[in-house]
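Peer 1: Here you go, sequence then predicted model.
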Amino acid sequence: MAEEDSSQEKTEEPTARKKEKAAEEGNIARSKELNTSAILVAAAVGMLIFGPAMAANLLDIMKFSFSFDPNASWDTKVALGYLEISFVESMWSLLPLFLLLLVAAFFGPIGLGGWNFSTKAIAPKGSRLNPLSGLKRMFSMNALVELLKGWGKVLIVGSVAVLVLVGLKDDFISMVFEPTIPSVKHAAIVLAWTFLLICCSTIIIAIVDIPFQIYSHTKKLKMTMQEVKEEYKNTEGKPEVKSKIRQLQREMANRRMMADVPDADVVITNPTHYAVALKYDPQGMPAPMLLAKGVDETALKIREIAGEYKIPVLEMPALARSIYHHTEIGQEIPEGLYVAVAQVLAFVFQTDQWKKGRAPKPDRKPSVDIPDDLKSDD
């Protein structure tokens, strides 16, 4: 029993199909801290870049809002007109910051895990309303990690805030002795840089959280050995299906092979069990090439096609067996068979010239020698 339980432990890394299926369900690694850090840092940078211009525009809007004729203050249309203009101008002033935050809010979540959209992730689930499941999540290891992470954020952000404020104490003191307007500008700059430095401290939290989220996500997707076997079986298919696929592939390969037989220069046979079709083009081939080969029924089909297209057929058992066992379709014959095949091709050429009345009849079919390492007795 113990061995059975041990065999069901999730010790195997998730397969590509497991990860793909999890992504389809919206279950991918995400880091909330990365998203938070991206938005906060973007806001701080945006305040530094666009802050002076926004402040100047908002100041102008404020001046405009209080510059109308007091006698018209009782006119509702005038007040609404001023309100509309102030609102539109305010939105235009804040638009660059809003756009920057929108970009950060979009790219922050996909910084880890990439872009993923799944309707299954937002579909209602009854298990989420189960109080027992809620209690289990409250006292889980993940809840403990989140608690420790919360304390870590307080310590890191608080420590950075204290260090920044201590480092800028001279600026705070000097602002007391400055005129009002320069003091306000000085305070705005100091606050902007303070905000940026404190926000940057959240990057430390994100750097720690990202590896943890990847590890936690991978651990959650781990599989038992049985699950891996089942997935492989479902992916690759049942043995009888794979056997049928291989059979169809062989039939297609045979059809392609038979289509090349009419291009052969000679067919060498065993005489009934083996047949090989060879082609040689002195202008484009360094050596003769095997176009087709087969045994029994396939060999018979090769001989039939050769007879139909008047391709010379020679019975040379030893050479046919050697070429069949040592050469693959589409490959050149082994170097050790060059002389033997050259003699066969020369005989075929002389026979063709004799039939055309251009040369004397060849004496006899050539007797070829097969190297010992290329002989086959099958």
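Peer 2: On my side now, so go ahead.
Peer 1: buried sites along the helix or strand where Ile61 lies?
Peer 2: Assigned by DSSP states H and E, Ile61 belongs to helix 32-65. Neighbour-count burial for helix 32-65 flags 33-47, 50-51, 54, 57, 61 (criterion: 16 or more other Cβ atoms under 10 Å). Where C-beta positions appear, they are placed from N, C-alpha and C, glycine not excepted.
Peer 1: by contact count, what packs against that helix?
Peer 2: Secondary-structure packing of helix 32-65 (3 or more Cβ pairs under 8 Å, 6 or more residues apart in numbering; DSSP states H and E): helix 76-107, helix 180-221.
Peer 1: what is the orientation angle of that helix with helix 180-221?
Peer 2: 150 degrees (axes from the mean of the first three to the mean of the last three Cα atoms, to 10 degrees).
Peer 1: Which residues are in contact with the closest residue to Gly111 other than its chain neighbours?
Peer 2: Take Gly111 and drop its neighbours on the chain: the residue closest to it by Cβ to Cβ, 6 or more residues apart in numbering is Leu34, 5.2 Å away. By Cβ atoms under 8 Å, 6 or more residues apart in numbering, the contact set of Leu34 is 108-109, 111-112, 206, 209-210.
Peer 1: Can you select the buried ones from those residues in PyMOL?
Peer 2: Command for PyMOL that selects the buried part of the contacts of Leu34, burial taken from 16+ other Cβ under 10 Å:
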select buried, resi 108+109+111+112+206+209+210
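Peer 1: Where does pLDDT dip in the stretch 251-378 of the chain?
Peer 2: The stretch 251-378 of the chain contains residues with pLDDT under 70 at 378.
Peer 1: which residues in it form helices?
Peer 2: With helices called from DSSP state H, counting those that start in this stretch, the stretch 251-378 of the chain shows them at 297-308, 317-326, 338-355.
Peer 1: In this structure Arg303 contacts His273, no?
Peer 2: No. Using Cβ atoms under 8 Å, Arg303 is not in contact with His273, being 11.4 Å away.
Peer 1: ok, these two, which is more surrounded?
Peer 2: Of the pair Arg303 and His273, Arg303 is the one with more neighbours under other Cβ atoms under 10 Å, namely 20 against 16.
Peer 1: The helix or strand encompassing Ala161 packs against which elements?
Peer 2: Using DSSP H and E, Ala161 falls within helix 141-167. The contact analysis (3+ Cβ pairs under 8 Å, 6+ apart) places helix 141-167 against helix 180-221.
Peer 1: mean confidence score for whichever helix or strand comes after the helix it packs on?
Peer 2: Following helix 180-221 in sequence order, the next helix or strand is helix 225-236 (DSSP H and E). Computed over helix 225-236, the mean pLDDT rounds to 73.
Peer 1: which secondary structure elements does helix 225-236 contact?
Peer 2: If contacts are counted by 3+ Cβ pairs under 8 Å, 6+ apart, helix 225-236 sits against helix 16-24.
Peer 1: May I have the residues that are in contact with Phe172?
Peer 2: So Phe172 contacts 165, 190 (Cβ under 8 Å, 6+ apart).
Peer 1: angle of the helix holding Ile61 against helix 76-107?
Peer 2: Using the same axes, to 10 degrees: helix 32-65 against helix 76-107 is 160 degrees.
Peer 1: how far does helix 32-65 sit from the chain's center?
Peer 2: 38 Å (Cα atoms, centre = their mean, to the nearest Å).
Peer 1: pLDDT on it, on average?
Peer 2: Rounded mean pLDDT across helix 32-65 is 86.
Peer 1: So which bits of the helix holding Ala161 are buried?
Peer 2: In helix 141-167, counting by 16+ other Cβ under 10 Å, buried: 149, 153, 156-157, 160, 164.
Peer 1: How about stretch 296-303?
Peer 2: Applying 16+ other Cβ under 10 Å to stretch 296-303 flags 298-299, 301-303 as buried.
Peer 1: Can you tell me what sits against it?
Peer 2: 254, 258, 261, 267, 269-270, 272-277, 292-294, 313.
Peer 1: Pretty sure Val341 sits against Val276.
Peer 2: No. Applying Cβ under 8 Å, one finds Val341 not in contact with Val276, separated by 10.1 Å.
Peer 1: which one of those two has more residues nearby?
Peer 2: More neighbours surround Val276 than the other of Val341 and Val276, with 27 against 21 (other Cβ under 10 Å).
Peer 1: any idea how far the more buried one lies from Ile245?
Peer 2: 27 Å (Cβ to Cβ, to the nearest Å).
Peer 1: again with Leu147
Peer 2: Distance from Leu147 to Ile245, by Cβ to Cβ: 54 Å.
Peer 1: swap in Glu251?
Peer 2: Glu251 is 11 Å from Ile245, by Cβ to Cβ.
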